[in-house]
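Participant: fold the following.
(2 chains)
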Amino acid sequence: MKTWFKSGAPWIWLNGGAVAICMIMVVGLIGLIAVRGFGHFWPADVAEIEINDHTGKQTVVLGEVVRSQTIPSAVARDAGNYVPDDIELVTRYLIKQGNRDQTGRDFVWYLELGMEDFRYPDTAYVVERREWGNFYGYPLALQREGEVIATAADANFWPMIQESVDRSLKLHRDIQRIEKGEIGRISTRLNELRLDLRRLDLRDPPADVRAAEEARVAEARAQLEIDYQVLRKDLDVLYQSTKRDTLQMRMSDNKEVAISLADIVRVTAPNTMSVPTKMGQYVERLWEFLSEQPREANTEGGIFPAIFGTVTMVFVMSIMVTPFGILAAIYLREYAKQGLMTRIIRISVYNLAGVPSIVYGVFGLGFFVYFLGGNLDRLFYEAALPTPTFGTPGLFWASLTLALLTLPIVIVSTEEGLARIPSTIRQGSLALGATKAETLWKVIVPLATPAMMTGLILAIARAAGEVAPLMLVGVVKLAPTLPVDATFPFIHLERKIMHLGFHIYDVGFQSPNVEAARPLVYATALILVILIVVLNLTAISIRNRLRERYRSASD
Amino acid sequence: MNETTLSADVNSRGKSLLPSVEAREKMRKKRDFKDKLSRWGITYAGYGVVFALAMIFVYLFYEVMPILKGASVTPQSSYSLPVTSAQTQHLILERYEELGIQYTDDGVITFFEADDGEIREQVELSLPDDASITSFAHSEYIGGVTARGLSNGQVHITKHSFQTSFPNDQRLITPVIDYPFGEAAITIDEQGQPLELLAIETVTRGSGGSMIAALTADKRLLLTQISSKSNLLTGEVTVENNTIELSDVPASPVKMLLDKALRSLFITDSEGFIHYYSINDFKNSRLVATVNAGEGSPITAIDFLVGSVSLIAGNERGELSQWFLVRDENNNYDLTKIREFKSHKNAITALAPEYTRKGFLAVDAGGYLGIHYGTSARTLYLEQETENPLVSAAISQVNGRLLLLDDQQQVQVAGLWNQHPQLSFSAMWNKVWYEGRADPEYIWQSSSASDEFESKFSLVPLSIGTLKAALYAMLFAMPLAIAGAIYTAYFMSPKIRGVVKPSIEIMEALPTVILGFLAGLWLAPFAEDHLPAIFSFVILMPVMMLLFAFIWTKLPAGIRHAVPDGWEAALLVPVILLFGYICITASPYIEIWFFNGSMRQWFTDVGITYDQRNAMIVGIAMGFAVIPTIFSIAEDAVFTVPKHLTQGSLALGATRWQTVVGVVLPTASPGIFSAIMMGFGRAVGETMIVLMATGNSPVVNFNIFEGMRTLSANIAVELPETAVGSSHFRILFLAALVLLALTFIVNTFAEIIRQRLRARYSNL
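Facilitator: The predicted model follows:
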């Protein structure tokens, strides 16, 4: 034993243990996110649980079992539960029982004490609603215009419900199209007209020009008003039509509830589903998550605007950071005199990569948003003042801030690539009579392209995951419109955007119902992790291939 | 000649592959131009980028600079008072800095243009015929209530205000005089003695009411509660009052002040004493204490700062000091001297507190104007404005303009720039005695709903929080990362190394928002429920590893040799997992056996504060974030130690571990040190993890079970909500600048060490 200690072997084992712990943490973290994130879309069975408490009162709970936990009974007693004195450990289950509008508590812990076996009745329905979250209950009947047209016992009950749901979904899409699309367009136009008038006041043109312009605006307004009335009427009809059907449901405590089909997104009976059906559901839900708008203060629905916002922002950022980063790197490596000054600049630029991102956010807010944006507004958007156009956080400033933040990454990576190119190649080109510029653009840069790609990918990966500076310069929890749409100029650099990382922060920490939001946060985190890991792996593989290439080139 | 023949020659021999001379010349010019273009373009772009990055420093400095500036006063005009026939009692400058108000002792209120002294409007008060004004008092400035004590024992109360309207898009300010207690004078002294001294305070908010303190010519001190009810139909105001007489009247009182909470009355006398009366319990109002505030010199000017908690006293020697009531352990209030300001050279003649901040103007008999600030104890300005003694001063509500009055009835108007008086080095880094606190403290509390709020801008809690978070993160990360790096670089088989290194480096790219969210939503509740598991794991894990290693050596050689060297880490993975699982399963039993069922509760019982989101959680989550930084740099440093050194050591008979300790570590130590510094730099600036995994309360301690607020999280929380250009805005920029400078210095240092190391390796 003593000699074993003297040999130092225990220390080697301890060091090995450190690596093992690090690896377990990395894998565990990714695994945790993956399991929780992917698990979110699986249609869980609905359990029916009878609980008899110590007073003999019986309650029936219907819902999904989220997780269970074994706790000392002292903790359970502190939480206000009754636990007999002779029991030291109790298990408790977190049940998602939904029905937030009826009971106010959609996630409840129940102690295992007095619980009967879990039952999974086929008649347990899950109704996904636009408001108030899921509804769990037993179906009673489907009503049309107040008349019962099918009861739960009917054979065609299920198809009729699905048909009704499909119809109301279609109506909902129509309503959305009118409200968001056409009425939105009208209000944009009205706002433009208002600005036209304001511009007129600012310019103060001769009376006849003014009169003509005012007449034009008035006429356009009148036309828009007429258009609006037509749409309004259509909308009223659609809204009336969505109210046609109602679904009668019974809750686990036998209370009967009528749910209007207008509020329903999906009706499922997970306990009757086979595994392939569930997989179909899974894909459908995953797609919905990726492609739809968020609902219910971001705790339900999809994250499409966040994905879209992140991608747009990163795209705009890449356009800005690539040329400048590469040119700066070429300057530092090829043109600058390699003296003390260049060395200082190089170290400084490298160090800027380690500066806290929030500092860039502060700079972006102060300099870009308030200073540059404020001046832009005064110069070009005077009519809209005091409502700021560029003088407020938005897509462009967010991208610019991130471009500045990732500039060092691109510079470092490109410089590394340039440095790695054997000088024989450079000298060969010069010896053949090429100018420096020709050597650079035709020989060096093409060879260094993979390094630049690596830099750009790393920059994108960093930008996609960065949140702290974005909180200051343009990301919001809910953006009413996407930054790219069909109205001129198609890409709206002044608009605020949603962002995956900020979405995680916001839904996880600012939402009123953390328990309901949790699975969604895991799913969002999973998307972000996948995006970033893929980007990084790409960068790493490009870098490795690059190394191989030069190794053979320099031989 | 040669050239022409040659080209002619070439031409004559048929077509050449080379273009003609002109074309070549042109082409060469073009190429030259392109070369130059590329050179200059790239150079400019390079400069541009360097400039843009340097802008960050410059701009942050530019935003922070105004903090350091003092106040500046620019004289604008000078004229003689609109009314010079009577004694001036009070001077006011309204919010838009357009109009001034002069109260004179003949009962006239004069509104004049602040620019030139021209009279806009005069109001003559309807005082009783037989009475004259014998004393004057004003409430807190923002209330605009003034009272005149009359020679017949009555008090006449008015309130000035301004109405702003915009006829023809021009701002028009109309002065208004109201009578909150009716137009008639109110009788205070039933015996009809002249009122020689007066104090008034009205509480406009809540159900407070108003109070008047008066001293009669025959030295009786009267305290009156008044309340008014106005009849909704007739608009008639009925006033009720309730007067008591206080005992213990000071010998030679000079000035009286009532605070806004209507809890205390302060009377100064000609000896320099302040007499403090508690009037909280109206019927039992009594003298509590007498304090020698003038320290041998009579107090010549005294007034409340906004909020009427702090008293500023100026004496005949020109000394200025701030006082307020401090509660001691027995719940008694003592009038305590809080701080002193830079002394004037002449007797202080008047004070003018600011309306919304804890600053004030002081003027003295030598014609000097001083601008001081309470909380930061800063004197922002102290200059002679005139040769004559100044007797009164007024400042506008927005602190942009001031009026000074000298004893020759001359008014001086001056513009004022005084944006950031509340920030000073000592206010940010030393303990400050804030109003209402028992002791000087470090507090960060930047905003509140009320105007009278004293902003508390101590950077100490935030800096301590930043260091605390970084410290616990490093405590967690350093052993794991460095030990891991040594093992990976030196002992691990290349095959696993090829997997381990990139995985840990990918970890670096993981968005911190994800780590923060896992820490806050998963780890924090998990740790709270499984505290014993966490502790037993941390303490026993190394023991378990050694135990396993020892057992491993005792295993039959066949099994041992099946696993090659460099696979120790892989062997330990199941051990760690198994032990972790055991810890978690055993956790509730440990709680039952040792901690009465709940370790969390046990902490509270033994007096340790436990927050769910605490420094331990931050340490683990942020440690996780800095492990890859440290690991990857340290691993490089160890891996690149020249092979001949280690081989030499091994050849001389040292064991592998002896080689590591004796040769590898000393050689690589600068690299490891630089790795630690890089990790520290990252931990200091990390925002999202601390934002999400702590409660963000700015506490000043290093308790591992309590949270903290760091500089970076503070910026993220507060910057979006602060007013652009305000002191709060600038101090957040200062915080950003501090972070930038700190990480920049740390990183530069680390980088230089690394470069040195590289040079050393190449010499070995």
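
Participant: which strands or helices does the biggest helix by length in chain A pack on?
Facilitator: Scanning chain A for the helix with the most residues, using DSSP state H, yields helix A:514-554. Helices and strands touching helix A:514-554, by 3 or more Cβ pairs under 8 Å, 6 or more residues apart in numbering or on different chains; DSSP states H and E, are helix A:9-39, helix A:395-420, helix A:445-465, helix A:500-510, helix B:494-509, helix B:512-518. All C-beta atoms are positioned from the backbone trio N, CA, C, and that covers glycine.

Participant: now those helices in JSON lines, with distance to residue A:73?
Facilitator: Output for the helices and strands packed on helix A:514-554, formatted as JSON lines (distance: least, Cβ to Cβ, whole Å):
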{"stretch": "helix A:9-39", "distance to residue A:73": "28"}
{"stretch": "helix A:395-420", "distance to residue A:73": "51"}
{"stretch": "helix A:445-465", "distance to residue A:73": "43"}
{"stretch": "helix A:500-510", "distance to residue A:73": "31"}
{"stretch": "helix B:494-509", "distance to residue A:73": "39"}
{"stretch": "helix B:512-518", "distance to residue A:73": "29"}
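
Participant: turn the ones you listed into a markdown table, including distance to residue B:531, mean pLDDT and mean neighbour count.
Facilitator: Formatted as a markdown table, those follow (distance: least, Cβ to Cβ, whole Å; pLDDT from 0 to 100; neighbours: other Cβ atoms under 10 Å in any protein chain shown):
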| stretch | distance to residue B:531 | mean pLDDT | mean neighbour count |
| --- | --- | --- | --- |
| helix A:9-39 | 19 | 91 | 20 |
| helix A:395-420 | 38 | 90 | 25 |
| helix A:445-465 | 31 | 86 | 22 |
| helix A:500-510 | 23 | 88 | 24 |
| helix B:494-509 | 26 | 86 | 16 |
| helix B:512-518 | 18 | 91 | 28 |
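
Participant: contacting residues around the closest residue to residue A:363 other than its chain neighbours?
Facilitator: Spatial nearest neighbour of residue A:363, chain neighbours left out: residue B:56 (5.0 Å); criterion: Cβ to Cβ, 6 or more residues apart in numbering or on different chains. By Cβ atoms under 8 Å, 6 or more residues apart in numbering or on different chains, the contact set of residue B:56 is A:352, A:359-360, A:363, A:404, B:740.

Participant: pick out the most distant pair among those residues.
Facilitator: Spanning the widest gap among these are A:404 and B:740, at 12.8 Å by Cβ to Cβ.

Participant: what is the burial count for residue B:228?
Facilitator: Neighbour count of residue B:228, defined by other Cβ atoms under 10 Å in any protein chain shown: 18.

Participant: next one: it from chain A, what distance?
Facilitator: According to Cβ to the nearest Cβ, to the nearest Å, residue B:228 stands 41 Å off from chain A.

Participant: got a winner among the contacts of residue B:56 for most neighbours?
Facilitator: Using other Cβ under 10 Å as the neighbour test, those are led by residue A:359, with 29 neighbours.

Participant: that one: which element?
Facilitator: Secondary structure assignment for residue A:359, by DSSP states H and E: helix A:357-363.

Participant: other SSEs contacting that helix?
Facilitator: Under the contact criterion of 3+ Cβ pairs under 8 Å, 6+ apart, helix A:357-363 touches helix A:395-420, helix A:468-473, helix B:21-68, helix B:665-685, helix B:711-718, helix B:727-763.

Participant: what does the stretch 201-350 of chain A put close to chain B?
Facilitator: Residues of the stretch 201-350 of chain A lying close to chain B (Cβ under 8 Å from any Cβ of the partner chain) are A:323-325, A:327-328, A:330-332, A:334-336, A:345, A:347-350.

Participant: among these, which pair sits farthest apart?
Facilitator: Farthest apart among those by Cβ to Cβ are A:323 and A:347. That separation is 23.4 Å.

Participant: tell me which of the two has more neighbours.
Facilitator: Higher neighbour count among residue A:323 and residue A:347: residue A:347, with 15 against 12, using other Cβ under 10 Å.

Participant: I'd say that one and residue B:748 touch.
Facilitator: Yes: Residue A:347 is within contact range of residue B:748, at 6.1 Å (criterion: Cβ atoms under 8 Å).

Participant: if we can go back for a sec, okay, the contacts of residue B:56 in a markdown table with distance to residue A:424 next?
Facilitator: Converted to a markdown table, the contacts of residue B:56 look like this (distance: Cβ to Cβ, whole Å):
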| residue | distance to residue A:424 |
| --- | --- |
| A:352 | 33 |
| A:359 | 42 |
| A:360 | 40 |
| A:363 | 43 |
| A:404 | 36 |
| B:740 | 42 |
